[in-house]
Structure formats: structure tokens, C-alpha cells
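Engineer: Any chance you could fold what I've pasted below:
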Amino acid sequence: MLEILSKGGMLVIPIVFCSVLVFGIFFERIIRYAINRSRGKDIENKVASLMAAGDTQAALALSQKSNSPMGRVLTKAIGAKDLKSRMLESVIVNAVETEVRELSAYLQTLATIGNIAPLLGLLGTILGMIKAFMVIQQMGGKVNAAVLAGGIWEAMLTTALGLVVALPTMVAHSYLLAKVETYEARLRDGSVAFLKAIAKRA
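Structural biologist: Model (predicted):
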């Protein structure tokens, strides 16, 4: 495998680096989402119940202890509970957007890699074809089919490698983006549950 890759030229190196980066980002995000889900499990309902019962201190302690995106949003919401309705909503919206940005970290990097990997492969193929035809010219055009075919497949190797990296990268990006959207919806639902609990207590 290494021997085959070595025939693809220098552009194989950045393509392979992109593949390693994709794996690192994907598994880091998956682990982070799993941790956040376990830490903040059902916390929005527990905090809403405590707030409806008027136990603000217990609700604040619970949200701070969870150390999860939902917990951090609820902590900020509890801290701003005495503000006017519009100001409280602004605080909550800002807190949700902050957590969504953190959850979306590195996803743009995946999208970028998915876009540039095929282009790197295509560039490698073009450079390889240029070298192949330069060899043909130097040999005065007297090249047999085997020599020509060998030069072409080596040149096209980077395009294939770029596509092999790009396709799973785009799938991984879409999968993680769906995860973020699901978590964003949960944060918004939790915020609404908090506002309803505040309204019931009032």
C-alpha cells in the first residue's frame, strides 16, 4: 500500500494528512457529544421542576454540577431570572448560540477538507499527466502502450485517493451536523421549559 501511495507524488502527503485530521475530528466530536449527553441527561426537566417549586438554589446547584451545554444554558438563565422577560429571553438565546458554536467546532474544517481533497487529487493527476507527456516528448513519441498506461494510472492515483477521503468526510460532516441540530433543538426546548416554570411560579 505504501509503495502504491509513493507513486502518487508529493500531493499524496497532504491528502493523507487530511484523512488523519478527519478521523481525529470525527472521533473527538463523537466522544464529546456522548459525554455531554450523559452529563446533561434530563436536566432540563429536573431544573424546571425545581424552579416551578421555587427551589432556585437547588436548581442552580444542579445545573452547575452537570457541566453540560444544557446545564450551562440553564445556569445563565437562572442567574438572569429576575430580569424583564425580553432581557431574560435574550440571555437565554445568547447562551444557546454560544453552546451551539462550541458543539459545531471543527465541523467547518470537515466541510473544507471534503471540498479540497478532490481538488488536491485532481491537481496531483494533472501534474502527473504533465510529467508523463514530458517523458513521451523526451522519448520522441516512441512510447509503447505499457509505458503510457503506467504513467497514466500513477497520475490518476491522487484523484482516486482524494475522492476516497472526500466521500466519507462529507458523510461524517452531515452526520455530525445532524447531531448538532438535534442538540440545538433540545437546548431550545429546555429553555422553553425553564421559561414556563418561571411563568408558573409567577
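
Engineer: where exactly do the helices run in the chain?
Structural biologist: Assigned by DSSP state H, the chain shows helices spanning 2-6, 12-39, 43-52, 56-66, 69-79, 85-103, 107-138, 145-201.

Engineer: which residue packs closest to L60, ignoring adjacent ones?
Structural biologist: Leaving aside its sequence neighbours, L60 sits nearest to I78 (Cβ to Cβ, 6 or more residues apart in numbering; 4.9 Å). Where C-beta positions appear, they are placed from N, C-alpha and C, glycine not excepted.

Engineer: which sections of this protein are below the confidence cut-off?
Structural biologist: Along the chain, segments meeting pLDDT under 70 span 1-9, 140-151, 201-202.

Engineer: 80 - rerun?
Structural biologist: Across the chain, the ranges flagged by pLDDT under 80 are 1-10, 131-155, 200-202.

Engineer: Stretch 137-152 spans what distance, first to last residue?
Structural biologist: Stretch 137-152 has its terminal residues 15 Å apart, counting by Cα to Cα, to the nearest Å.

Engineer: The chain should start at 22 in everything you say after this.
Structural biologist: OK, 22 is where the count begins now, so the last one is stretch 158-173.
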